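*Asks:* Test case, fold it:
(2 chains)
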Amino acid sequence: MLKIDDIHVYYGAIHAIKGVSFEVNEGEIVALIGANGAGKSTILKTVSGLMHPRSGSITFMGESISHTDAYKLVRHGLAHVPEGRRIFLQMSVQENLDMGAFTQKNVSKEDLDMVFDLFPRLKERRHQVAGTLSGGEQQMLAMSRALMSHPKLMMLDEPSMGLAPILVDQIFSIIKDLHKAGTTILLVEQNASKALQIADRAYVLETGSITLSGTGPELARSDEVRKAYLGG
Amino acid sequence: MAVLQYLINGLSIGSIYAIIALGYTMVYGIAKMLNFAHGDVIMVGAYISYCVMIYLKMPPVVAILAAIVVCTVLGVLIEALAYRPLRGTSSLAVLITAIGVSYFLQNAAQLIWGVAQKTYSSVVTMESVHLFDGKILITGEVIVTIITSAVVMVCLTLFTSKTRTGKAMRAVSEDRDAAQLMGINVNRTIAVTFAIGSALAAIAGVLLCSASPALKPTTGSMPGIRAFTAAVFGGIGSVPGAMLGGILLGVIEELCKGLISTQFSDAIVFGVLIIVLLVKPTGLLGKQIQEKV
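*Replies:* As a prediction, the model looks like this:
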């Protein structure tokens, strides 16, 4: 579904991603794990078109998208829930969902019911300004907003960041539900143990390169991963 | 009684400032740039309506529509040719370009229409109203200006809060990258913003010259600067702020002229701006940035 082949990405003179290749097959949950600054978010931004690789290629559903603008990719079925949620804080919950459905002809009742089923809290706060939501609710809104575009592939950047453990469990169980409902997931996480528990396959990223890859359980057992990311 | 007269006049000129300030503030909010050529688009709008009325002998309504169409196209062209190629570069480069566009428009107007001042004939045919045995005079222009700006503000508020494009504009203004991830075409949204701002500038130009009929290539620059001040005063980037700032600025200006001194009115207006910014750096209704981690 998504194939990344030897991409190099720069921030000005800084060589942030140094020849990364990986793929995500339809129906999988794939996790990218790694420390702060390893380049996980940069990879997602490059896939979603907010940044472009200097060399290498990105193919999504058989089409080259290396230099396609971000706003066009949403229509292709690619959704990106960015790091730090990035919801529209000054708009209401409902308006945030309206923006999520920007590529749809209209904001359908079924879609709203679907996200309100997943996150009943949002329904209660529908007319509240998004900036007044708690961190967990903001994450729920960010995910709901992405779902409104009917994504085939959903990329989640640090969905557990800054959340209480009980909320982390809830968010991860919803990711599993979305996956069961047929959405392919590319997950970036610092919470490696959680990510490896639900991932079919995972890649370990260190300073711009992939150093390890394997199935979720394989990596969870690997000595290197345990030492570096799972606390021994 | 005199104070009431100043208030009415201030409300009228302030409404014009408000319409111009809306153009500044919307472009700032969405494209994150100060479009210093905005004042000169006002001047172009005034000249176009003047020419349609005087040379083509068309009725004022046609003249106003022509001015709106020409200014809208002009605004979109300026954005596409001068500002879009600079997107992503330093904001200083964009600012200097905007000043360049401003001079370009003024000089182009000089070439086309000459430096000599033209006497604009008001588009308003309404009779003046006298109140309190003639102690208060409300001209037709004042009435039309206030009504027009009220209509403009209501329409714009409805547009940004209810329509898909309006909401997309607010989304781009708040977070450009996140807006792109929703499928919003940022370039198109910015072009729409310039179109709306420039259409408002055309209306402001017609109202301005109907109230004070001296039309020359620099007609737009001083009202442009005052309206920019009004936008900062109200909180740049905020639509209600621009409306409030414009009207307050006009009222303060007229009260100063009437009660204190005509020469000092600008000094007092800008003095008030400085005090407001010292007390509240984001302007009266400026957005409070609040973020949650």
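
*Asks:* so how far is the worst-scoring helix or strand of chain A on mean pLDDT off the chain centroid?
*Replies:* One helix or strand of chain A scores below all others by mean pLDDT, DSSP states H and E: helix A:223-229, with a mean of 83. Computed by CA atoms, centre = their mean, to the nearest Å, the separation of helix A:223-229 from the middle of its chain amounts to 23 Å.

*Asks:* What of stretch A:36-47?
*Replies:* 11 Å.

*Asks:* quick one on the thing from earlier: what does the least confident helix or strand of chain A contact?
*Replies:* Contacts to helix A:223-229, defined as CB atoms under 8 Å, 6 or more residues apart in numbering or on different chains, come from residues A:33, A:34, A:35, A:192, A:193, A:196, A:204, A:212, A:219, A:220, A:232. (Each C-beta comes from the backbone N, C-alpha and C, glycine too.)

*Asks:* Return the member of those residues nearest to chain B.
*Replies:* residue A:35 (18.8 Å; CB to the nearest CB).

*Asks:* thinking again about what came up before, mind putting the contacts of helix A:223-229 in JSON lines, neighbour count included?
*Replies:* Shown next, in JSON lines, are the contacts of helix A:223-229 (neighbours: other CB atoms under 10 Å in any protein chain shown):
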{"residue": "A:33", "neighbour count": "27"}
{"residue": "A:34", "neighbour count": "25"}
{"residue": "A:35", "neighbour count": "14"}
{"residue": "A:192", "neighbour count": "23"}
{"residue": "A:193", "neighbour count": "14"}
{"residue": "A:196", "neighbour count": "25"}
{"residue": "A:204", "neighbour count": "23"}
{"residue": "A:212", "neighbour count": "17"}
{"residue": "A:219", "neighbour count": "25"}
{"residue": "A:220", "neighbour count": "19"}
{"residue": "A:232", "neighbour count": "6"}
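
*Asks:* Tabulate those (JSON lines), appending distance to residue B:240.
*Replies:* What follows is these, written out as JSON lines (distance: CB to CB, whole Å):
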{"residue": "A:33", "distance to residue B:240": "46"}
{"residue": "A:34", "distance to residue B:240": "45"}
{"residue": "A:35", "distance to residue B:240": "45"}
{"residue": "A:192", "distance to residue B:240": "47"}
{"residue": "A:193", "distance to residue B:240": "49"}
{"residue": "A:196", "distance to residue B:240": "50"}
{"residue": "A:204", "distance to residue B:240": "50"}
{"residue": "A:212", "distance to residue B:240": "54"}
{"residue": "A:219", "distance to residue B:240": "53"}
{"residue": "A:220", "distance to residue B:240": "54"}
{"residue": "A:232", "distance to residue B:240": "57"}
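
*Asks:* Can you list the buried residues in the least confident helix or strand of chain A?
*Replies:* Using 16 or more other CB atoms under 10 Å in any protein chain shown as the test for burial, helix A:223-229 gives A:225, A:228, A:229.

*Asks:* can I get the CA coordinates of it in CSV?
*Replies:* Extracted C-alpha coordinates of helix A:223-229, given in CSV (Å, rounded to 0.1, in the frame of the first residue of the first chain):
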residue,chain,number,x,y,z
ASP,A,223,17.9,-7.6,23.4
GLU,A,224,18.8,-4.4,21.7
VAL,A,225,15.2,-3.1,21.8
ARG,A,226,14.7,-4.2,25.4
LYS,A,227,17.8,-2.4,26.5
ALA,A,228,17.3,0.8,24.6
TYR,A,229,13.5,1.2,24.6
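
*Asks:* The lengthiest helix in chain B close to chain A?
*Replies:* Longest helix of chain B, by residue count under DSSP state H: helix B:2-31. No - judged by CB under 8 Å from any CB of the partner chain, helix B:2-31 stays clear of chain A, getting no closer than 10.9 Å.

*Asks:* Now do that helix, average pLDDT.
*Replies:* Mean per-residue pLDDT for helix B:2-31: 92.

*Asks:* Just give the closest residue to residue A:230, not the sequence neighbours.
*Replies:* Spatial nearest neighbour of residue A:230, excluding adjacent residues (CB to CB, 6 or more residues apart in numbering or on different chains): residue A:193 at 5.3 Å.

*Asks:* Residue A:85 in helix, strand or coil?
*Replies:* The three-state label given to residue A:85 by DSSP: H, G, I helix; E, B strand; the rest coil is coil.

*Asks:* quick revisit: which ones among the contacts of helix A:223-229 map onto strands?
*Replies:* Counting by DSSP state E, the contacts of helix A:223-229 place A:33, A:204, A:212 in strands.

*Asks:* which one is residue A:23 nearest to, not counting chain neighbours?
*Replies:* The shortest distance from residue A:23 to any non-neighbouring residue, by CB to CB, 6+ apart, is to residue A:3 (4.6 Å).

*Asks:* And residue A:188, by the same measure?
*Replies:* Closest to residue A:188 by CB to CB, 6+ apart is residue A:40, at 4.3 Å.

*Asks:* so residue B:130, which of the three states?
*Replies:* strand.

*Asks:* contacting residues around it?
*Replies:* Residue B:130 makes contacts with B:136, B:137, B:138, as judged by CB under 8 Å, 6+ apart.

*Asks:* Let's have the residues you listed in TSV, adding pLDDT.
*Replies:* Converted to TSV, the contacts of residue B:130 look like this (pLDDT from 0 to 100):
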residue	pLDDT
B:136	83
B:137	84
B:138	86
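
*Asks:* Which of those are buried, as a ChimeraX select command?
*Replies:* To isolate the buried ones among the contacts of residue B:130 in ChimeraX, judged by 16+ other CB under 10 Å, type:
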select /B:138
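
*Asks:* between the contacts of residue B:130, which is nearest residue B:12?
*Replies:* residue B:138 (8.7 Å; CB to CB).

*Asks:* Neighbours of the residue lying closest to the closest one once chain neighbours are set aside, how many?
*Replies:* In this structure, residue B:138 finds its nearest non-sequential neighbour in residue B:129, 4.5 Å apart by CB to CB, 6+ apart. For residue B:129, the count of nearby residues is 12 (other CB atoms under 10 Å in any protein chain shown).

*Asks:* so residue B:129 touches residue B:143, yeah?
*Replies:* Yes - if you go by CB atoms under 8 Å, residue B:129 and residue B:143 touch, sitting 7.1 Å apart.

*Asks:* Next up, phi/psi of the closest residue to chain A within chain B, please.
*Replies:* As assessed by CB to the nearest CB, chain A sits closest to residue B:183 within chain B, at 3.5 Å. Taking degrees, to the nearest 10, you get phi 100, psi 10 for the backbone angles of residue B:183.

*Asks:* Name the nearest residue to it, ignoring sequence neighbours.
*Replies:* Closest residue to residue B:183 apart from its sequence neighbours, by CB to CB, 6+ apart: residue A:74 at 3.5 Å.

*Asks:* and that neighbour, helix, strand or coil?
*Replies:* Residue A:74 ends up helix, using three-state DSSP.

*Asks:* And residue A:6, by the same measure?
*Replies:* Recorded secondary structure, residue A:6: strand (three-state DSSP).

*Asks:* next SSE after the lowest-mean-pLDDT helix or strand in chain B?
*Replies:* One helix or strand of chain B scores below all others by mean pLDDT, DSSP H and E: strand B:129-131, with a mean of 81. Using DSSP states H and E, the helix or strand that follows strand B:129-131 towards the C-terminus is strand B:136-138.

*Asks:* which secondary structure elements does that next one contact?
*Replies:* On a contact count with 3 or more CB pairs under 8 Å, 6 or more residues apart in numbering or on different chains; DSSP states H and E, strand B:136-138 meets helix B:2-31, strand B:129-131.

*Asks:* Give me the sheet partners of the last one and which way each runs.
*Replies:* The reference is to strand B:129-131. strand B:136-138 (antiparallel) (DSSP bridges).

*Asks:* Which residue does chain A have closest to chain B?
*Replies:* Residue of chain A nearest chain B, by CB to the nearest CB: residue A:74 (3.5 Å).

*Asks:* can you map out the strands along chain A?
*Replies:* Remark: strands assigned in chain A by DSSP E are A:2-11, A:14-24, A:29-33, A:55-60, A:63-64, A:78-81, A:153-157, A:184-189, A:201-206, A:209-215.
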